[in-house]
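1. let's see this in three dimensions:
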Amino acid sequence: MSFIFSTHPLHPAAEAMLKAASDLRVASAPDPETLLREGRGAGIIVVRAPIPPAFFQDAPALRAAIRHGAGLDMVPMDAATRAGVLVANVPAVNAPTVAEHVFLVTMALLRRFRLMDRELRQKGWAAGRSQSDGAVDLGGRTIGIVGMGNVGKAIFRVAKFGFGVEVVATSRSPESVPHGARYLPVDDLVATADVVVLCCPLTPETTGLLNAERIGRMKPDAILVNVSRGPVIDDAALIQALHDGRIGGAALDVFATQPLPLDHPYFGFDNVIVTPHLAGLTQESMMRMGMGAASEAMRIMNGELPVNLRNPEVVEHYRRRFPDSSEPLRDNPKR
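-> Residues are numbered from 1 along each chain as shown. Purely as a prediction, here's the structure:
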């Protein structure tokens, strides 16, 4: 087996597992040119950064691309499938972590934490305390969840059974909305919710989903939280709405351009919380994702198919490329 290549360092336990079984190499930088240069000849790539389609060209040793997490937008699926490369991911394991982040930033905005902390440090007790005049409770408000995958369901559970708030939700599959949440089309959801949480996958249908028209439907004191992907939001429309005071604030963890330039307008708003794509990252979630990715790599090295195979149509091609991989494709409810 040729070496295992990771775009980023992994949790120490995951690295130890992989190093015991193979040669593990970690990219010196996650840019496309470095990945193409340093990843040439890899048998498996663990994906924590966007992979250029060219990575799958002229790659006779490459068996699999394993996403460190759930979202597959970092993997060019068509290029991988054409090349006969398995694509797997590690779904659900960081969903509780993302849900915790959603309520961290939501409460920080509702309770004016950034302003309170700054005023307290710079101007003293009374100035910090005065921020409570504009603070509001989460209780009694309505949360709208856009996307009802593992993350959306985790947010629903915390909202409904933790805070006891009303939940409205929209999803590509209305039947995926759990009992206790009310299904609404996205146009009605953004007009109804006091907190709009975006946690849908990035697809052609969701690109630009929150456009100027939908932002214009939001309540003037509503909060927008994005833990999905940056292009789901029309940045220019959101910046204009924030500038005009037409929504209450935003908490953004993902952006169309990452890293976010330090001169970006989002940094200029007191009612915007910006975080560097870390909603799903803690010591515990990194271990779960890393060990999940490492376990899938071990299965592939043992001639098996990954549990969370995301392009099952590739199997016949893959087996022609690697005749030693004879494990039959098993039914899997996660697939």
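2. check contacts around Val146.
-> Contacts for Val146 (Cβ atoms under 8 Å, 6 or more residues apart in numbering) come out as 152, 169-170, 186, 189, 196-200, 209, 228. Any C-beta I mention is one placed from the backbone N, CA and C, and that applies to glycine too.
3. any idea how far it is from Leu198?
-> Between Val146 and Leu198 the computed distance is 5 Å (Cβ to Cβ, to the nearest Å).
4. joint contacts of those two?
-> Common neighbours of Val146 and Leu198, counting by Cβ under 8 Å, 6+ apart, are 209, 228.
5. what about the strands in the stretch 1-150 of the chain?
-> Taking DSSP state E, counting those that start in this stretch, the strands of the stretch 1-150 of the chain run over residues 4-6, 24-26, 44-47, 64-67, 86-88, 142-146.
6. so which residues of the stretch 101-250 of the chain form helices?
-> Remark: helices assigned in the stretch 101-250 of the chain by DSSP state H, counting those that start in this stretch are 113-123, 125-129, 150-157, 186-192, 212-217, 235-243.
7. about what we covered before: tell me which of the contacts of Val146 fall in strands.
-> Of the contacts of Val146, the ones assigned to strands by DSSP state E are 169-170, 196-198.
8. which one of these is nearest Ala59?
-> Ala59 lies nearest to Leu198 out of those, by Cβ to Cβ, at 34.4 Å.
9. from the ones in strands among the contacts of Val146, pick the one nearest Ala79.
-> Using Cβ to Cβ, Leu198 comes nearest to Ala79 of those, at 27.1 Å.
10. which residue sits farthest out from the middle of the chain?
-> Ranked by distance from the centre of the chain (Cα atoms, centre = their mean), the top residue is Ala126, with 39.0 Å.
11. pull the contacting residues for the residue nearest to the spatial centre of the chain.
-> The chain has Ser228 as the residue nearest its centroid, 5.2 Å off, counting by Cα atoms, centre = their mean. Residues counted as contacts of Ser228 (Cβ under 8 Å, 6+ apart) are 146-147, 198-202, 206, 254.
12. how about those residues in CSV, adding distance to Ser325 and pLDDT?
-> Below are the contacts of Ser228 laid out as CSV (distance: Cβ to Cβ, whole Å; pLDDT from 0 to 100):
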residue, distance to Ser325, pLDDT
Val146, 39, 98
Gly147, 34, 97
Leu198, 38, 98
Cys199, 34, 98
Cys200, 34, 96
Pro201, 28, 94
Leu202, 30, 93
Thr206, 34, 96
Val254, 35, 98
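13. out of those, which end up buried?
-> Buried subset of the contacts of Ser228 (neighbour count, 16 or more other Cβ atoms under 10 Å): 146-147, 198-202, 206, 254.
14. quick one: the strands in the stretch 201-335 of the chain?
-> Taking DSSP E, counting those that start in this stretch, the strands of the stretch 201-335 of the chain run over residues 223-226, 249-252, 272-274.
15. done for today, thanks.
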